[in-house]
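> coordinates only, sequence not included:
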């Protein structure tokens with residue numbers, strides 16, 4: 001991380017200098033806000049953490065509960081979310097606290113003794129090469145804590161307003177600055193039912209499956225239910241089941257169960273199939289409790305004893321797969337005349353079972369997609385029409401999740417028909433392996449649009465697939481010889497990145513391809529940097545350019561690099577030494593081989609603020625580069 005750019009200051013570098021306060025923390029509610037977020041779940045906090053870093057954006061987040069979550073709910077963090085956490089700066093902390101899922105085992109009934117189970121297979125949980133990040137499990141509340149820390153330490157010092165919920169809202173399509181009128185209801189014991197009103201530029205409903213924000217804009221969840229009750233519990237237990245510290249999928253004559261180890265070395269989570277429900281029956285009518293979950297788990301795990309010593313948290317739920325038609329308030333027939341003002345995210349617009357471990361991950365993916373777009377619009381960098389892309393991109397991603405979960409839930413809940421020693425791999429193991437990239441969160445590919453280029457030049461960097469997340473690889477930073485992952489330079493700061501991969505004979509010397517590119521970007525008024533960066537901001541404030549060379553770090557000199565790769569920044573004009581990288585071949589193939597980059601020609605890889613590859617272009621494609629950014633960003637005001 002970088003700090004001291006605007007002068008030395010002691011203390012924790014994660015605590016940013018505070019921006020001027022726009023509201024009194026001890027006072028009443030403001031009359032107006034730029035963004036109101038409903039709900040302090042993963043989706044809401046992920047969005048708030050991004051907006052909190054923009055000093056000029058006035059953000060408020062409300063939560064009906066009277067304080068932060070402490071336990072329960074989701075726990076699975078896939079590798080894609082860990083990559084996102086890296087952008088926020090707390091992936092290392094999550095890695096240290098969590099339990100890593102390295103192996104998944106599969107258990108089925110013993111054909112010789114059908115009342116017993118036996119292990120029938122095991123696989124590596126995440127295949128090699130998918131990501132530098134692990135698949136981990138950790139209490140959802142700890143993820144909340146880390147987002148809350150980012151918010152508190154951000155320039156705006158954002159903290160939630162607990163004890164408030166959105167009662168309803170209305171949108172004036174012709175309204176000027178603050179077209180959304182929101183009625184907020186108090187939930188605290190002393191003021192229960194009291195209602196206050198404020199106006200907002202934008203509202204984001206992260207308020208769960210019973211979302212008041214979704215209802216207010218006419219959204220409905222469509223889908224079906226499996227009519228099956230499942231129990232989930234976090235428990236401190238004593239058992240002789242051999243895989244209590246592995247992720248295990250168990251199918252027996254008594255039912256199905258998922259075993260998930262939890263952080264700390266002792267806690268374990270169980271997902272247990274309980275009863276079938278009638279089509280007209282709700283799960284609450286059964287009166288099921290933790291004792292039912294424990295009893296069923298004992299029967300499924302036979303012959304291995306299982307004793308629950310402390311139930312930390314439990315819940316009973318019914319599997320459902322539902323999706324809304326649209327993730328914003330603009331009717332499909334009004335897209336050309338209106339821009340969105342109200343959005344939904346997470347469970348407010350898609351619901352599914354927890355068996356694939358995707359709920360928290362996809363919910364955070366929703367608002368990681370939306371956050372940089374709101375910042376870009378509210379800071380004047382982009383036109384409000386950019387916000388149409390949120391529903392288009394994320395509904396497709398959510399539909400993929402709901403469809404997958406529909407299939408996977410039935411595989412996990414089904415009785416395995418073949419489990420003898422000579423049989424082929426059981427179906428649930430085959431399906432698990434086949435869907436490994438999906439459960440890792442790595443199959444989302446945004447379609448071509450103003451934000452995603454066509455694949456004409458994809459062959460220049462086959463391993464950076466346009467529309468998918470930027471697949472990081474090892475490099476060495478030239479200035480200080482530090483080995484690192486290139487993708488880790490991407491922060492959740494709403495900036496675009498251009499990675500310039502040099503041809504094999506290029507050393508950054510005058511006249512080379514990298515030098516010509518940098519000269520154009522730095523000096524030509526038509527370059528996207530000059531066109532879209534305000535004159536009073538650092539040259540990388542909107543678009544951050546980095547270069548990667550094929551030579552080793554001892555073969556190049558940082559002082560010989562083009563000026564754009566050694567920019568002077570901040571109030572003192574300090575040099576940024578972190579723009580240039582070299583290939584790292586110590587442990588095997590380097591980034592050029594790993595990501596199939598054309599060594600002879602090099603290329604440009606454009607990466608969006610949410611870590612998705614937006615385009616691949618030749619190094620000399622100056623007009624195409626300028627046209628791409630001109631379709632997204634506004635021209636900066638002349639200095």
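Structure's in. What do you need? Treat the numbers as computed from the prediction; the structure is a model and nothing was measured. Residues are numbered from 1 along each chain as shown.
> I'd guess residue 215 is in a helix, am I close?
Yes: assignment of residue 215 by DSSP: H, G, I helix; E, B strand; the rest coil places it within a helix.
> who's the nearest residue to it once chain neighbours are set aside bridged to?
Nearest in space to residue 215, with sequence neighbours left out and distances taken as Cβ to Cβ, 6 or more residues apart in numbering, is residue 168 at 7.8 Å. Bear in mind the C-beta positions are built from the backbone N, C-alpha and C, glycine included. Per DSSP bridges, the residues bridged to residue 168 are residue 183.
> just checking, residue 168 touches residue 183?
Yes: counting by Cβ atoms under 8 Å, residue 183 is a contact partner of residue 168 at 5.3 Å.
> can you check the pLDDT for the residue of the chain positioned farthest from its centre?
What lies farthest from the middle of the chain is residue 112; by Cα atoms, centre = their mean that is 45.6 Å. pLDDT, residue 112: 87.
> tell me the secondary structure for it?
At residue 112 the chain is in coil, as set by three-state DSSP.
> so what's residue 19 up against?
55, 56, 155, 156 (Cβ atoms under 8 Å, 6 or more residues apart in numbering).
> switch the cut-off to 10 Å
Under the criterion of Cβ atoms under 10 Å, 6 or more residues apart in numbering, the contact list for residue 19 reads 52, 53, 54, 55, 56, 57, 154, 155, 156, 157.
> need the per-residue pLDDT for the closest residue to the third one other than its chain neighbours.
In space, not counting the residues next to it along the chain, residue 54 is nearest to residue 375; the distance is 4.9 Å by Cβ to Cβ, 6+ apart. Predicted confidence (pLDDT) for residue 375: 98.
> what about residue 375, neighbour count?
Neighbour count for residue 375, taken as other Cβ atoms under 10 Å: 23.
> ok, now residue 17?
9.
> is it within a helix or a strand, and which one?
Assigned by DSSP states H and E, residue 17 belongs to no helix or strand.
> need the three-state assignment for the residue positioned nearest the centre of the chain.
Centre of the chain computed as the mean C-alpha position; nearest residue by Cα atoms, centre = their mean is residue 365, 3.6 Å away. At residue 365 the chain is in helix, as set by three-state DSSP.
> can you give me the helices for this structure?
Along the chain, the segments classed as helices by DSSP state H run 42-51, 79-88, 91-97, 140-153, 212-216, 290-301, 359-378, 388-413, 427-434, 436-439, 513-523, 528-532, 591-594, 622-630.
> return the set of buried residues in the last one.
Of all the residues in helix 622-630, those buried under the rule 16 or more other Cβ atoms under 10 Å are 622, 625, 626, 628, 629.
> ok, the last one - contacts?
If a contact means Cβ under 10 Å, 6+ apart, then residue 629 has 496, 498, 527, 528, 529, 531, 532, 542, 543, 606, 614, 615 as its contacts.
> what does the fourth one give?
The contact partners of residue 628, taken as Cβ under 10 Å, 6+ apart, are 450, 451, 452, 453, 496, 528, 604, 606, 614, 615, 617, 621.
> how about 6 Å then?
Contacts here follow Cβ atoms under 6 Å, 6 or more residues apart in numbering; on that basis residue 628 touches residue 615.
> distance of it from residue 365?
The spacing between residue 628 and residue 365, counted by Cβ to Cβ, to the nearest Å, is 23 Å.
> what pLDDT does residue 395 get?
Looking at residue 395, its pLDDT stands at 92.
> tally of neighbours for it?
Per other Cβ under 10 Å, the neighbour tally for residue 395 reads 19.
> what do you get for residue 25?
For residue 25, using other Cβ under 10 Å, the count is 8.
> now it. Nearest residue, chain neighbours left out?
Once flanking residues are discounted, residue 25 sits nearest to residue 159: 7.4 Å by Cβ to Cβ, 6+ apart.
> and if you look at residue 495?
Nearest residue to residue 495, sequence neighbours excluded (Cβ to Cβ, 6+ apart): residue 544, at 5.1 Å.
> how far away is that neighbour from residue 133?
To residue 133, residue 544 is 22 Å away according to Cβ to Cβ.
> now residue 351
Distance of residue 351 to residue 133, computed by Cβ to Cβ: 26 Å.
> what do you get for residue 464?
Noted for residue 464: a distance of 17 Å to residue 133, by Cβ to Cβ.
> give me the contacts around stretch 209-222.
38, 166, 168-169, 205, 207, 322, 324, 329, 342, 344, 347-348, 351.
> for it, buried residues please.
Judged by neighbour count using 16+ other Cβ under 10 Å, the buried positions of stretch 209-222 are 211, 212, 213, 214, 215, 216, 217, 219, 221.
> and the furthest pair within these?
The largest separation in those, counting by Cβ to Cβ, is between 216 and 221 at 14.4 Å.
> residue 566: which of the helices of the chain is closest?
Residue 566 lies closest to helix 513-523 among these, at 9.8 Å (Cβ to Cβ).
> average model confidence for that closest one?
Average pLDDT, helix 513-523: 97.
> same question for stretch 333-344.
In this model, stretch 333-344 carries a mean pLDDT of 95.
> now do stretch 119-133
Stretch 119-133 shows an average pLDDT of 94 in the prediction.
> quick one: the strands in the stretch 251-400 of the chain?
According to DSSP state E, counting those that start in this stretch, the stretch 251-400 of the chain carries its strands in the segments 255-261, 267-276, 306-324, 342-344, 350-351.
> format these as CSV; extra columns: mean neighbour count.
Output for the strands of the stretch 251-400 of the chain, formatted as CSV (neighbours: other Cβ atoms under 10 Å):
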stretch, mean neighbour count
strand 255-261, 22
strand 267-276, 20
strand 306-324, 17
strand 342-344, 29
strand 350-351, 26
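> export those strands to TSV and append columns for distance to residue 231.
Formatted as TSV, the strands of the stretch 251-400 of the chain follow (distance: least, Cβ to Cβ, whole Å):
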stretch	distance to residue 231
strand 255-261	10
strand 267-276	5
strand 306-324	5
strand 342-344	28
strand 350-351	18
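> the ones you listed: lowest mean pLDDT?
Minimum mean pLDDT among the strands of the stretch 251-400 of the chain: strand 350-351, a mean of 86.
> list the neighbouring strands of it plus their orientation.
Partners of strand 350-351 in the sheet, by DSSP bridges, are strand 306-324 (antiparallel).
> what is the orientation angle of the strand it pairs with with helix 290-301?
Inter-element angle recorded for strand 306-324 and helix 290-301: 100 degrees (by axes from the mean of the first three to the mean of the last three Cα atoms, to 10 degrees).
> run through who's touching strand 306-324.
Residues contacting strand 306-324 (Cβ under 6 Å, 6+ apart): 71-72, 219, 221, 223, 225-226, 228-239, 283, 288, 290, 294, 297-298, 349-353, 398-399, 402, 405-406, 409.
> and stretch 133-150, by the same measure?
Contact partners of stretch 133-150, identified using Cβ under 6 Å, 6+ apart, comprise 45, 49, 68-71, 73-79, 82-83, 88, 90, 97-101, 125-126, 260, 262-263.
> and stretch 240-248, by the same measure?
Stretch 240-248 has contacts (Cβ under 6 Å, 6+ apart) with 101, 103, 104, 105, 259, 260, 261, 268, 301, 304, 305.
> buried stuff in that stretch?
By 16+ other Cβ under 10 Å, the buried positions in stretch 240-248 come out as 241, 243, 244, 246, 247, 248.
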